[in-house]
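1. Compute the structure for the input listed below.
(one chain, ligands or ions: 3)
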Amino acid sequence: VRRLSAEELQTLRSIVGDPHVLVDADLTSGYSVDWTGRFQGSTQAVVRPGSTREVSRLVSWCLEHDLALVPQGGNTGLVGGGVPLGGELVLSLRRLGDVGPVDGASGQLTAGAGVTIAAVQAAAAAAGWAYGVDLAARDSATVGGTIATNAGGLRVLRYGATRAQVLGVEAVLGDGSVVSHLGGLLKDNTGYDLAGLLCGSEGTLGVITAARLRLVPPLGERVVALLGLESVAAMIAAVGSLRRQLPALEAVEVFFSDGLDLVCETFGLARPFARRRGVFLLLEAAAATDPTDDVAAAVGALPGVAEVAVATAGEPARQAELWRYREAHTEAINSLGPPHKLDVTLPAAAMARFVELVPRVVADAAPESRCWLFGHAADGNLHVNVTGVDPGDDSVDEAVLELVAALDGSISAEHGIGTAKKPWLGLNRSPTEIQAFRRLKAALDPGGILNPNVLLP
Ligand code: FAD
Ligand code: 2HG
Ligand code: ZN
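-> Ligands and ions are numbered 1, 2, ... in the order given. Sure thing, here's the model as predicted:
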């Protein structure tokens, strides 16, 4: 990595202002390690632009000086894609924090890349709307980061992932040029969908500076239910049945008894049920009118349900308690040390086989480890977390991802490829696809300066 001269640092300061170029290790360290602690890098400078124009000037300058940069939002990414593992400069977009007014006629708003998902949700709610994306990292994850990773989260079943909410973006490409398409027209077939292309591009094709987001009608009446099921087969059958019989269904999440035990022990929570074994489904239904009766009928029709806990629309605190059993998994697992995270999708037909095989595959690859499973059941998306493995030892990652590919699944459901899964992109993508990816990268980032160590093997 080339050292920045004092003159070059001065140029960066002249572009963004003195306080927004961080060079001291105690200031840059938080930007250099990922949320899990597994991926630790280092950087000579964190640069914090305050406008699209400043981003453009920075990218042009980096291209001229052959310096690579890593765009970073809330730094909640889970695949080591937003931290400077190759000594890159960090371009933190958090200062791009403007939220525009909600257009009540179209149900849309424009937000800067650094706006958090919680802030988008709050702005939407204040205007009588809602945002279709929700995830446990909502208070830190940003509009730019969620677009760059095409984040999924807890409501994909109903509203789709982030790509389905994005009507247009403004971004700075690798040559410093600004592309901006924020008009928000619902029907707009005028050529290539650059916004769609930037969704899931993980900072490799452009730096997103703002986005036009689609909002959804708020559904005020919510019911949350936690089901204890006898078997994985009963769980899979329940997901299909609930989707068919409960149009108000908004989330169907899965976890297992060992994960529930860990969450209860870590956070001192009361156990939801006396019985301790089994598979758990957390479901939420939302509608304009109280869906409690519909939930009761749909759940009552399911075979293999051993226990049920319900929190109705009038019990928001109890609803939050039930959600906590699922949402707190990530934090509880991190308290055991940096995990290996394998976020995967399985075809419904292969899910039971995967749940049966994956603990064995993990135990064979890393006998001292522990394997935790949870995820978004309605999306076929399981989060395989493995603790007790050295951060640099990839053998367990390889074994799990090969199993996923053998069962025709995806090695990344929603977190992206990042650096964590880069060696295995070829399990899901053909050489011609990867070649097409490289051509796109070369076209939009001709100097190869945007997140060069991410996504492409
Ligand atoms: P960062 O972590 O800062 O960056 C992520 C990637 O995007 C990097 O490659 C980075 O270079 C790139 N990037 C960031 N900003 C920009 C930009 N403006 N322009 C171009 N590229 C950019 N993810 C899910 O999908 N579903 C979940 O349910 C979910 N739950 C989570 C729960 C917890 C507790 C945590 C810690 C994480 C969770 N995540 C989840 C992962 C993470 O929150 C998402 O990947 C999120 O989209 C990252 O947003 P961020 O702003 O933190 O991005
Ligand atoms: C979730 O669904 C997130 O909670 C994080 O995607 C998953 O911690 C994980 O592996
Ligand atoms: Zn998830």
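2. Which residue does the stretch 251-400 of the chain have closest to ligand 1?
-> With C-beta to the nearest ligand atom as the measure, residue 330 is the residue of the stretch 251-400 of the chain nearest to ligand 1, at 4.1 Å. Every C-beta, even on glycine, is put in place using the N, C-alpha and C of the backbone.
3. Wasn't that residue part of a helix?
-> Yes: counting by DSSP: H, G, I helix; E, B strand; the rest coil, residue 330 is found in a helix.
4. Setting the sequence-adjacent residues aside, check what's closest to it.
-> Counting by C-beta to C-beta, 6 or more residues apart in numbering, residue 330 lies nearest to residue 136, which is 6.3 Å off, once chain neighbours are set aside.
5. The one you found and residue 35, how far apart?
-> From residue 136 across to residue 35, the span is 11 Å (C-beta to C-beta, to the nearest Å).
6. again with residue 285
-> Counting by C-beta to C-beta, the gap from residue 285 to residue 35 is 31 Å.
7. Just want to know which of the two has more residues nearby.
-> residue 285 (27 against 20; other C-beta atoms under 10 Å).
8. do the helix or strand containing the more buried one and ligand 2 meet?
-> For residue 285, the host element (DSSP states H and E) is strand 279-287. No: applying C-beta under 6 Å from any ligand atom, one finds strand 279-287 out of contact with ligand 2, separated by at least 11.4 Å.
9. Note down every partner strand of that strand and its orientation.
-> Paired neighbours of strand 279-287 in the sheet (DSSP bridges): strand 221-229 (antiparallel), strand 249-256 (antiparallel).
10. now it, how far from the chain's geometric center?
-> With C-alpha atoms, centre = their mean, to the nearest Å as the basis, strand 279-287 stands 20 Å off its chain's centre.
11. for stretch 371-382, same thing?
-> Centroid displacement of stretch 371-382 relative to its chain, using C-alpha atoms, centre = their mean, is 14 Å.
12. just stretch 170-186 next, same as before
-> For stretch 170-186, the distance to the chain centre is 22 Å (C-alpha atoms, centre = their mean).
13. which parts of this protein sit against ligand 1?
-> With C-beta under 6 Å from any ligand atom as the criterion, the chain comes near ligand 1 at residues 35, 70-78, 81-82, 93, 113, 135-137, 140-142, 144-146, 148-149, 151-153, 202-203, 207-208, 330, 414-415, 451, 454.
14. three-state assignment of the closest residue to residue 344 other than its chain neighbours?
-> Spatial nearest neighbour of residue 344, excluding adjacent residues (C-beta to C-beta, 6+ apart): residue 404 at 4.6 Å. For residue 404, the assignment made with three-state DSSP gives helix.
15. Can we start the residue count at 14 from this point?
-> Taking 14 as the first residue, the last one we looked at is residue 417.
16. and residue 417, what is it in contact with?
-> 355, 357, 359, 367, 423-424, 440 (C-beta atoms under 8 Å, 6 or more residues apart in numbering).
17. Out of those residues, which sit inside helices?
-> residue 367 (DSSP state H).
18. Can you tell me which of the contacts of residue 417 has the most neighbours?
-> residue 355 (28 neighbours).
19. With adjacent residues omitted, what lies nearest to the residue nearest in space to the middle of the chain?
-> The residue lying closest to the centre of the chain (C-alpha atoms, centre = their mean) is residue 164, at 3.8 Å. In space, and not counting its chain neighbours, residue 164 is closest to residue 175: 4.9 Å by C-beta to C-beta, 6+ apart.
20. Keeping just the C-alphas, turn stretch 164-178 into PDB.
-> The C-alpha trace of stretch 164-178 is given here as PDB (Å, rounded to 0.1, in the frame of the first residue of the first chain):
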ATOM      1  CA  ALA A 164     -30.500  -6.100   2.200                       C
ATOM      2  CA  GLY A 165     -33.400  -8.400   2.900                       C
ATOM      3  CA  GLY A 166     -34.500  -8.500   6.500                       C
ATOM      4  CA  LEU A 167     -37.800  -9.300   8.200                       C
ATOM      5  CA  ARG A 168     -40.400  -8.300   5.700                       C
ATOM      6  CA  VAL A 169     -39.100  -9.700   2.400                       C
ATOM      7  CA  LEU A 170     -42.100 -12.100   2.200                       C
ATOM      8  CA  ARG A 171     -44.500  -9.100   1.900                       C
ATOM      9  CA  TYR A 172     -42.500  -6.300   0.300                       C
ATOM     10  CA  GLY A 173     -39.400  -7.900  -1.300                       C
ATOM     11  CA  ALA A 174     -35.800  -7.000  -0.600                       C
ATOM     12  CA  THR A 175     -34.300  -3.500  -0.800                       C
ATOM     13  CA  ARG A 176     -34.100  -3.700  -4.700                       C
ATOM     14  CA  ALA A 177     -37.900  -3.700  -4.700                       C
ATOM     15  CA  GLN A 178     -38.100  -0.400  -2.800                       C
END
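21. what about that stretch, average pLDDT?
-> Across stretch 164-178, pLDDT averages out at 98.
22. buried ones in it?
-> 164-172, 174-176, 178 (16 or more other C-beta atoms under 10 Å).
23. And for stretch 438-454?
-> 438, 440-442, 450, 454.
24. How about the residues of the stretch 364-470 of the chain by ligand 2?
-> 396, 398.
25. Do a quick rundown of the strands in the stretch 364-470 of the chain.
-> Using DSSP state E, counting those that start in this stretch, the strands of the stretch 364-470 of the chain run over 383-389, 394-400.
26. For residue 270, which of those strands is the nearest?
-> strand 383-389 (10.7 Å; C-beta to C-beta).
27. Return the residues of the stretch 114-263 of the chain in contact with ligand 2.
-> So the stretch 114-263 of the chain meets ligand 2 at residue 149 (C-beta under 6 Å from any ligand atom).
28. Which parts of the stretch 114-263 of the chain are helices?
-> Using DSSP state H, counting those that start in this stretch, the helices found in the stretch 114-263 of the chain span residues 130-139, 156-162, 169-172, 207-211, 245-258.
29. Can you tell me which of these is packed in deepest?
-> helix 156-162 (a mean of 30; mean count of other C-beta atoms under 10 Å).
30. got a list of contacts for it?
-> 84-87, 89-90, 94-95, 106, 109, 124-130, 133, 146, 148, 164, 175, 179, 182, 211-216, 220-224, 226, 427-429.
31. Let me know the pLDDT of the residue nearest to residue 259 when sequence neighbours are not counted.
-> Leaving aside its chain neighbours, residue 259 sits nearest to residue 311 (4.3 Å; criterion: C-beta to C-beta, 6+ apart). The score at residue 311 is 97. That number is its pLDDT.
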